[in-house]
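A.B. asks: Okay, sequence plus prediction incoming.
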Amino acid sequence: MASLVTPDQILKTSANDLLRDLDLTNDELLYLLDLADEVKQSPRDYGHLLDGKSVALLFEKPSLRTKLTFELAIRQLGGDSIFIEGPIGVREPLKDVARNLDRWVNGIVARVFAQTTVEDLALWSSVPIINALSDAYHPCQALADVQTVREHFARLAGLKLTFIGDGNNVAQSLMLTALRLGMDFALGCPQGYLPNPDIVAQAEGLSAVSGASLLITHDTAAALDGAHAVYTDVWASMGQEQEAVQRRKDFHGYQVNDELFAMARPDAVFMHCLPAKRGEETTDSIMEHERSVVFQQAENRLHAQKALLLMMLM
Ligand code: CP
Ligand code: NVA
């Protein structure tokens, strides 16, 4: 049977790499969300488009969802992946690693400690680099998250997404992605856990363009008022384990539990990138809540990343 989708029917990204959320234009982001829905609906139509392509997965940190969904996405699109775990640039300089991989593979997916590591990989390699989580961003997560919200509410603009917890990589990517799509964004975080001021400045710029509002506050009730989606993430991210005890004290009052979730709209969904620490940033009752969409988010990692791979590697 003739292929239903051909490579020239897929919009290519103008950027070579996805190092941070804003590397995709707004039009590319909207196209990606439509394509993600399409590949979710009809996966077989896209099953050959990465034929003959190989992707290296370089992970400095553990992963369940990101590793598995990239491996499956690449395989289901007809390509091949190779997984390498451990610090990048220790046994030999990063610039040599990048130039070796450049000769063998068609793309690199990298989960790193420092944002500068993905940026250096991009500097020394001509193949697309996809940021699979750094200390600053988690763009692949944000893609699946907005796909999930749009599936649930059938729109994005005009909705309010509230993140309760640490102004971390996941919060920063979500803030940028939500605001540019016209979603109001609120962050309720304790003192000392604000997002990076440079990223906040970018978010303010996006808010001015889209007209969506940005609120960063220590007041959880103000953040949650009118929220359509309530999002949280671990209090101590990977690499911050030694701060976990202090953070448990500092984040007191920021647990998304029944009381806090009730401050959002009565039809609000609960979101979490996972892995979750029940009893810390959220509770078992919220994770298992009928309006929890955490596993739909996890599923959509597969579809959103397929769309991303098609747009970057074809
Ligand atoms: N949400 C997420 O990125 O999960 P992993 O750390 O398991 O990849
Ligand atoms: N903020 C978390 C996200 C894990 C998917 C971390 O960086 O560990």
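C.D. replies: That came through fine. Being a predicted model, the structure only gives us computed values, none of them experimental. Numbers count the residues shown, from 1 in each chain. Ligands and ions are numbered 1, 2, ... in the order given.
A.B. asks: Nearest to ligand 1: which residue in the stretch 151-300 of the chain?
C.D. replies: Distance from ligand 1 to each residue of the stretch 151-300 of the chain (C-beta to the nearest ligand atom) is smallest for residue 273, at 3.9 Å. Bear in mind the C-beta positions are built from the backbone N, C-alpha and C, glycine included.
A.B. asks: Does residue 276 fall in a helix, a strand, or a coil region?
C.D. replies: Three-state assignment for residue 276 (DSSP: H, G, I helix; E, B strand; the rest coil): coil.
A.B. asks: Give me the neighbour count for it.
C.D. replies: Here the number of neighbours of residue 276 (other C-beta atoms under 10 Å) works out to 19.
A.B. asks: Quickly note the distance from it to residue 290.
C.D. replies: 17 Å (C-beta to C-beta, to the nearest Å).
A.B. asks: Equivalent analysis for residue 78, please.
C.D. replies: Taking C-beta to C-beta, one finds residue 78 at 38 Å from residue 290.
A.B. asks: Check residue 91 too.
C.D. replies: With C-beta to C-beta as the criterion, residue 91 and residue 290 are 49 Å apart.
A.B. asks: for residue 172, same thing?
C.D. replies: 29 Å.
A.B. asks: coming back round to it: tell me which of residue 91 and residue 290 has more neighbours.
C.D. replies: Remark: of residue 91 and residue 290, residue 91 carries more neighbours, 9 against 6, as counted by other C-beta under 10 Å.
A.B. asks: okay, the more buried one: pLDDT?
C.D. replies: Note for residue 91: predicted pLDDT of 96.
A.B. asks: What of residue 7?
C.D. replies: Reported pLDDT for residue 7: 88.
A.B. asks: Next, count neighbours for the residue nearest to it when sequence neighbours are not counted.
C.D. replies: With C-beta to C-beta, 6 or more residues apart in numbering as the criterion, residue 7 has its nearest non-adjacent residue at 4.8 Å, and that residue is residue 314. A count of nearby residues for residue 314, using other C-beta under 10 Å, gives 18.
A.B. asks: Just to check, residue 314 is in contact with residue 9?
C.D. replies: No. The criterion here is C-beta atoms under 8 Å, and residue 314 misses it with residue 9 at 9.5 Å.
A.B. asks: Now the common contact residues for those two.
C.D. replies: Here residue 314 and residue 9 have no joint contacts, going by C-beta atoms under 8 Å, 6 or more residues apart in numbering.
A.B. asks: coming back round to it: doesn't residue 295 make contact with the residue of the stretch 151-300 of the chain closest to ligand 1?
C.D. replies: No. Taking C-beta under 8 Å as the definition, residue 273 is not a contact partner of residue 295, at 11.8 Å.
A.B. asks: Give me the more crowded residue out of those two.
C.D. replies: Legend: neighbour count by other C-beta under 10 Å for residue 273 and residue 295, higher for residue 273 (27 against 12).
A.B. asks: Report the contact partners of that one.
C.D. replies: 138, 141, 145, 170, 233, 297.
A.B. asks: Spell out which parts of the protein neighbour ligand 1.
C.D. replies: 63, 64, 65, 66, 133, 141, 273, 274, 275 (C-beta under 6 Å from any ligand atom).
A.B. asks: The first one: what's it in contact with?
C.D. replies: If you count contacts by C-beta under 8 Å, 6+ apart, residue 63 has them with 111, 132, 133.
A.B. asks: Can you tell me the SS state at it?
C.D. replies: Under three-state DSSP, residue 63 comes out as coil.
A.B. asks: same deal with residue 40?
C.D. replies: Per three-state DSSP, the local secondary structure of residue 40 is helix.
A.B. asks: Report the separation between it and ligand 1.
C.D. replies: Going from residue 40 to ligand 1 by C-beta to the nearest ligand atom, to the nearest Å gives 18 Å.
A.B. asks: One more: residue 8?
C.D. replies: For residue 8, the distance to ligand 1 - C-beta to the nearest ligand atom - is 32 Å.
A.B. asks: so how many other residues sit close to that residue?
C.D. replies: 7.
A.B. asks: Then the one 3 residues further on?
C.D. replies: Number of residues near residue 11 (other C-beta under 10 Å) recorded here: 15.
A.B. asks: next one: residue 4
C.D. replies: Neighbours of residue 4 using other C-beta under 10 Å come to 11.
A.B. asks: Over to residue 213?
C.D. replies: Neighbours of residue 213 (other C-beta under 10 Å): 12.
A.B. asks: Spit out the contact partners of it.
C.D. replies: Contacts of residue 213 (C-beta under 8 Å, 6+ apart): 184, 185, 207.
A.B. asks: Quick check, residue 83 in contact with residue 59.
C.D. replies: Yes. Contact status for residue 83 versus residue 59: in contact at 7.1 Å, counting by C-beta under 8 Å.
A.B. asks: Noted, bye for now.
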